[in-house]
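Q: sequence plus the predicted model coming up.
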Amino acid sequence: PVQEQALKKGFSRSLVVSAPTASGKTLVAEIATLQAIRKGKKAVYIVPLRALAQEKYEEFSRKYVPLGIKVGISTGDLDSADPWLARDDIIIVTSEKLDSLLRHGISWASSIGLVIADEIHLLHDPDRGPTLEIVLTRLQSFRPVVLGLSATISNYQELADWLGAETVASD
């Protein structure tokens, strides 16, 4: 049902998906990612933890590299621009790393067509939330579609309003 609702809304506008764990939010993100790539744009997948970034990198590499889609990952502590990411179609990062990349003026930022914020409810986390908020705010100047994913967000409509997004909610 979550995928059906998301497909009906389309991916030309930002979307906040609030649905339980194992309901298919990642599949929604993958569909949106493939559409962005088909339009010649990059997809940036923001995750909260390095371990989750590695998991997504391995999963997406297994699925999409054989199709000619380039998948990259950057989660390091070094404050750098990681220029090699310019060649990738799907870029998996933590919010802290994306903040670093943006501060370094990455040349490929204008090529970002989709930003997936996995666990977007972490905006309310006192430690990690401010960085995610800054990153999402800075990315707005490039006008990407933002796809926020969460299993535990109760104020999804408020968040959608802030992002100028549609909502898909399921319990």
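A: Right, received. Where do you want to start? Just so you know, these numbers come straight off a predicted model, no measurement behind them.

Q: in this protein, where is pLDDT below threshold?
A: Applying pLDDT under 70 to the chain flags residues 77-80.

Q: can you show me the strands along it?
A: Per DSSP state E, the chain carries strands over the ranges 15-18, 42-47, 71-74, 90-94, 112-118, 145-150, 166-169.

Q: now for the most centrally placed residue in the chain: which residues touch it?
A: Residue closest to the mean C-alpha point of the chain, counted by CA atoms, centre = their mean, is Ile116 at 1.5 Å. Counting by CB atoms under 8 Å, 6 or more residues apart in numbering, Ile116 touches 29, 32-33, 43-46, 146-147, 149. Every C-beta, even on glycine, is put in place using the N, C-alpha and C of the backbone.

Q: in a markdown table: these, plus distance to Leu123.
A: Converted to a markdown table, these look like this (distance: CB to CB, whole Å):
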| residue | distance to Leu123 |
| --- | --- |
| Ala29 | 17 |
| Ala32 | 20 |
| Thr33 | 21 |
| Ala43 | 20 |
| Val44 | 17 |
| Tyr45 | 17 |
| Ile46 | 11 |
| Val146 | 12 |
| Leu147 | 14 |
| Leu149 | 12 |
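
Q: quick one, which of those are buried?
A: 29, 32-33, 43-46, 146-147, 149 (16 or more other CB atoms under 10 Å).

Q: tell me the one among those nearest to Leu122.
A: Among the buried ones among the contacts of Ile116, Ile46 lies closest to Leu122 (CB to CB), at 9.7 Å.

Q: can you tell me how far the closest one is from Gln157?
A: To Gln157, Ile46 is 21 Å away according to CB to CB, to the nearest Å.

Q: quick one: the helices in the protein?
A: With helices called from DSSP state H, the chain shows them at 2-9, 25-38, 50-64, 95-103, 129-139, 156-163.

Q: those: which one's closest to Ser170?
A: Ranking the helices of the chain by distance to Ser170, with CB to CB as the measure, places helix 2-9 first at 5.2 Å.

Q: ok and that closest one relative to strand 145-150, angle-wise?
A: In terms of direction (axes from the mean of the first three to the mean of the last three CA atoms, to 10 degrees), helix 2-9 departs from strand 145-150 by 160 degrees.

Q: what packs against helix 2-9?
A: Applying 3 or more CB pairs under 8 Å, 6 or more residues apart in numbering; DSSP states H and E, we find helix 2-9 packed against strand 15-18, helix 25-38, strand 166-169.
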